[in-house]
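In: make a model of this:
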Amino acid sequence: MTKIKVIIPAYNEADSIVHVVNDIPNITDEVIVVSNNSTDDTELNAKKAGATVLSETRRGYGYACLKGMEHIASQDEKPDIIVFLDGDYSDYPEELTKIVSPIINEGLDFVIGARVKRLREEGSMTFPQIFGNWLATSLMRLFFRAKFSDLGPFRAIKYDKLLALNMEDKTYGWTVEMQLKVLKKKMTYTEIPVNYRNRIGVSKVSGTVKGAIFAGVKILSWIFKYSFKK
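Out: As a prediction, this is how the structure comes out:
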């Protein structure tokens, strides 16, 4: 039986986190919500929904993901697959079965849930997000002959492959770092088209000019770092 654990970074997602946790298919062994210094009822609501709740006071998407990984590393029984999912309910958690299928059935290492235009609700992605995705994936195609079309946060990876990536980024560069390292280490991957809707609440990244700029800088810095790294 394939063991699957889900890591959900969450910062002030009290209104959405219950929906996210409740919609995750019961094929998962544990749902881990990492409250990234939340000041609302995110932790309380996640616990009520049945999730394992951790607290990471250092602000940053990568910090929260790494906290979830530390929790899993401390357990005696390790999972086969880790799924990363945002806590804002913009993705459809029930599509987790689609995300993990290529790993379980085809033996692939890594799967991205691609937010393709035909499956996106109008307004669910801002112009900076759309442009940033296009630019980042275009550069990855140019430098690495990658086939990625998105930096979507809904993703699955074999646990041993995740450990082999030695993830470092503490903030907005987490997703692109993972994809670049998958390419560098020649791991097998694919994309699965997923539905995407308007999130509950306001985005902490794309919803602010500062957040969008900082995320863009981090993403591009990772790409250029790996483009010239031998």
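
In: now residue 160: how far from residue 2?
Out: Remark: distance between residue 160 and residue 2 (Cβ to Cβ, to the nearest Å) = 13 Å. All C-beta spots, glycine's among them, are computed from the backbone N, C-alpha and C.

In: helices and strands of the chain: which one bottoms out on pLDDT?
Out: helix 209-227 (a mean of 71; mean pLDDT, DSSP states H and E).

In: centroid-nearest residue for this protein?
Out: Closest to where the C-alpha atoms of the chain average out (Cα atoms, centre = their mean) is residue 153, at 3.0 Å.

In: distance check, that residue against residue 142.
Out: Noted for residue 153: a distance of 23 Å to residue 142, by Cβ to Cβ.

In: which residue ranges form the strands in this protein?
Out: Per DSSP state E, the chain carries strands over the ranges 4-10, 30-35, 52-55, 81-84, 110-114, 155-158, 189-193.

In: pipe those into JSON lines and attach distance to residue 75 per row.
Out: Shown next, in JSON lines, are these (distance: least, Cβ to Cβ, whole Å):
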{"stretch": "strand 4-10", "distance to residue 75": "9"}
{"stretch": "strand 30-35", "distance to residue 75": "9"}
{"stretch": "strand 52-55", "distance to residue 75": "10"}
{"stretch": "strand 81-84", "distance to residue 75": "12"}
{"stretch": "strand 110-114", "distance to residue 75": "22"}
{"stretch": "strand 155-158", "distance to residue 75": "17"}
{"stretch": "strand 189-193", "distance to residue 75": "26"}
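
In: can you give the distance of stretch 19-30 from its chain's centre?
Out: Chain-centre distance of stretch 19-30: 15 Å, with Cα atoms, centre = their mean, to the nearest Å.

In: any buried residues in that stretch, and which?
Out: Across stretch 19-30, burial judged by 16 or more other Cβ atoms under 10 Å covers 19-21, 23-24, 28, 30.

In: mark which of the residues you listed are part of helices, please.
Out: Mapping the buried residues of stretch 19-30 onto helices (DSSP state H) picks out 19-21.

In: of these, which is the nearest to residue 116?
Out: In terms of Cβ to Cβ, no member of these lies closer to residue 116 than residue 20, at 20.9 Å.

In: measure the closest one to residue 170 for me?
Out: Between residue 20 and residue 170 the computed distance is 23 Å (Cβ to Cβ).

In: show the contacting residues for residue 6.
Out: The neighbours of residue 6, taking Cβ atoms under 8 Å, 6 or more residues apart in numbering as the test, are 24, 28, 30-32, 82-85, 96.

In: of the residues you listed, which is the most crowded?
Out: Counting neighbours by other Cβ atoms under 10 Å, residue 85 leads the contacts of residue 6 with 29 neighbours.

In: for residue 216, see how far away it is.
Out: Using Cβ to Cβ, we find residue 85 at a distance of 23 Å from residue 216.

In: how about residue 113?
Out: 21 Å.

In: phi, psi for the closest residue to residue 63 other than its chain neighbours please.
Out: Leaving aside its sequence neighbours, residue 63 sits nearest to residue 170 (Cβ to Cβ, 6 or more residues apart in numbering; 4.9 Å). Phi and psi for residue 170, reported as degrees, to the nearest 10, are phi -100, psi -10.

In: residue ranges with poor pLDDT in this protein?
Out: Counting by pLDDT under 70, the chain has low-confidence residues at 203-215, 227-230.

In: roughly how far does residue 114 sit from residue 22?
Out: Taking Cβ to Cβ as the measure, residue 114 falls 24 Å from residue 22.

In: actually residue 50, not the one I wrote
Out: Counting by Cβ to Cβ, the separation of residue 50 from residue 22 is 8 Å.
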